[in-house]
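Sequence and predicted structure are below.
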Amino acid sequence: MTPERNPATDHATVDALSADLEAALVRELRVRYEWDNRSRFASRLVTPVIMLTDSTTHLGRWHSATRILELSRTLVFERPWLEVASVLEHEMAHQFVDEVLRIRGETAHGETFRRVCAERGIDARAAGSPAAASAESARADRVLERIRKLLALAGSSNQHEAEIAMRKAHELMLRHNIEATAAHVERSYEIRHLGDAHKRGTRVESEVAGLLSEFFFVKVIRVPVYLPRLGKSGMVYEIAGTRPNVEMASHVFAFLIGTAERLWNENRHDARVRNGRDRLAYQAGVIGGFREKLLSERKDLKQTGLIWVGDGDLDGFYHARHPHITTRRHRVRINSAHAAGREAGRTVVLHKPVEHGPSGSTRRLLRG
């Protein structure tokens with residue numbers, strides 16, 4: 001059970017931590033600033049003073065007169081690194097508009113600022129507040145609700161009924177994305193981090209990440225994050241896409257990691273499994289078997305005219321965020337345990353929502 005949080009205690013904890021960790025955190029923020037400056041702003045920004053403040057009204061702020069870029073201590077110590085980096089990038093965009101473009105006649109979040117952010121894959125929303133709902137987002141919400149209901153049906157104990165429900169959910173996702181792309185509907189994209197930065201990644205997570213990119217309409221990349229309370233870095237998967245697709249991909253990530261672990265525990269005594277060291281090979285096989293199942297469904301749907309050709313706007317957003325991408329290949333050990341896992345994976349039916357995200361968040365995915 002998670003204890004109730006006391007704001008006063010939390011604030012005291014931040015104060016206690018700052019004596020040992022604040023200097024290291026500020027150094028990390030400067031490193032991140034320099035990386036963003038090179039990657040997103042062609043090194044045209046002059047490094048300002050980066051300062052942590054106790055502000056409770058602003059997550060971040062750019063001060064033109066003093067050349068100070070402020071970030072809230074509560075933000076950097078209490079919120080995920082994704083949010084910290086997003087606020088830093090947001091304030092850097094303000095600095096760019098102010099000092100490089102020298103725009104004076106617009107509001108802080110005016111047309112020039114929004115264009116600068118869009119060109120660089122930066123969240124232009126003021127102080128992280130959610131964007132106003134649009135007709136397209138309302139339609140996407142209705143589609144997401146229909147998918148949620150289909151996934152609930154896919155939890156049926158009747159394997160045939162479950163398979164039909166999952167296939168319909170797959171078809172609905174594919175149709176929605178094809179129609180939105182073909183209609184050139186203006187869509188906004190968001191990002192989310194998956195995985196536990198405190199732990200070393202596994203080949204199973206890597207296999208799931210590849211599957212998300214292939215079938216669930218998101219772009220995936222592995223990125224470093226900083227853990228301020230520990231004074232060290234970790235790695236997570238960053239996914240980018242429309243909000244419904246990010247919601248679905250987050251659910252699939254958690255579902256498949258949990259399902260691979262469950263199937264291993266249920267079948268570890270299979271004659272094809274030699275010992276506990278076959279665990280990752282078996283679980284990777286589960287993901288491979290599920291991928292084969294999705295490939296078969298996608299092939300059948302292609303014959304009905306549903307052909308996914310990609311989302312050019314998402315590609316642009318992704319490459320703006322990550323202009324320098326390195327691709328690495330990894331070798332997968334294929335053995336009898338992997339074959340056993342693949343066999344089990346072909347029977348997996350994606351279903352019902354999860355209550356907790358894979359990063360430890362208590363936010364409910366695909367909520368009903």
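Thanks, I have it.

Run through this protein and note the low-pLDDT ranges.
For the chain, the stretches with pLDDT under 70 are 1-19, 126-137, 329-333, 352-368.

go with 50
1-12, 126-133, 354-368 (pLDDT under 50).

So which residues of it form strands?
49-53, 60-63, 68-72, 190-194, 219-227, 232-241 (DSSP state E).

Now render those as a markdown table, adding mean neighbour count and distance to Gly285.
Backbone N, C-alpha and C define where each C-beta goes, glycine included. Shown next, in a markdown table, are those (neighbours: other Cβ atoms under 10 Å; distance: least, Cβ to Cβ, whole Å):
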| stretch | mean neighbour count | distance to Gly285 |
| --- | --- | --- |
| strand 49-53 | 16 | 47 |
| strand 60-63 | 20 | 45 |
| strand 68-72 | 20 | 44 |
| strand 190-194 | 21 | 21 |
| strand 219-227 | 18 | 21 |
| strand 232-241 | 20 | 20 |
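
Same list (those) but as TSV, adding distance to Gly121.
Putting those into TSV (distance: least, Cβ to Cβ, whole Å) gives the following:
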stretch	distance to Gly121
strand 49-53	21
strand 60-63	18
strand 68-72	19
strand 190-194	9
strand 219-227	11
strand 232-241	8
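
among these, which is nearest Leu212?
Taking Cβ to Cβ, strand 219-227 is the member of these nearest to Leu212, at 5.5 Å.

would you put the C-alpha positions of the closest one in CSV?
Provided in CSV are the C-alpha atoms of strand 219-227 (Å, rounded to 0.1, in the frame of the first residue of the first chain):
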residue,chain,number,x,y,z
LYS,A,219,7.8,5.6,-32.6
VAL,A,220,10.1,4.1,-30.0
ILE,A,221,13.7,5.0,-29.0
ARG,A,222,15.8,4.1,-25.9
VAL,A,223,16.9,7.3,-24.1
PRO,A,224,18.9,8.1,-20.9
VAL,A,225,17.1,9.7,-17.9
TYR,A,226,18.6,11.2,-14.7
LEU,A,227,17.5,10.0,-11.3
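
Could you chop the chain up by domain?
Taking automatic domain parsing as the criterion, the chain consists of the domains 7-128, 135-345.

What are the boundaries of the helices in the stretch 201-350 of the chain?
203-215, 243-267, 279-302, 312-321, 336-345 (DSSP state H, counting those that start in this stretch).

now those in a markdown table, with mean neighbour count and distance to Arg167?
Listed next are these as a markdown table, based on neighbours: other Cβ under 10 Å; distance: least, Cβ to Cβ, whole Å:
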| stretch | mean neighbour count | distance to Arg167 |
| --- | --- | --- |
| helix 203-215 | 21 | 13 |
| helix 243-267 | 21 | 15 |
| helix 279-302 | 20 | 6 |
| helix 312-321 | 17 | 25 |
| helix 336-345 | 22 | 16 |
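
closest to Val223 out of those?
Distance to Val223, taken as Cβ to Cβ, is lowest for helix 312-321 among those, at 9.5 Å.

Would you mind measuring from the nearest residue to Phe113 once chain neighbours are set aside to Arg139?
Excluding the flanking residues, the one nearest Phe113 by Cβ to Cβ, 6 or more residues apart in numbering is Val97, at 5.2 Å. Val97 sits at a distance of 33 Å from Arg139 (criterion: Cβ to Cβ, to the nearest Å).

do Thr242 as well
With Cβ to Cβ as the criterion, Thr242 and Arg139 are 11 Å apart.

just to revisit the earlier point, quick one, what contacts the residue nearest to Phe113?
By Cβ atoms under 8 Å, 6 or more residues apart in numbering, the contact list for Val97 reads 103, 112-113, 116.

Ok, Arg32 next?
Arg32 touches 85, 88, 226, counting by Cβ under 8 Å, 6+ apart.

wait, which of these is closest to Leu295?
Using Cβ to Cβ, the contacts of Arg32 come closest to Leu295 at Ala85, 34.8 Å.

Gly241 is in contact with Leu314, correct?
Yes: the pair Leu314 / Gly241 is scored as a contact, 6.2 Å apart, by Cβ atoms under 8 Å.

Identify the contacts common to these two.
Common neighbours of Leu314 and Gly241 (Cβ under 8 Å, 6+ apart) are 189, 217-219.
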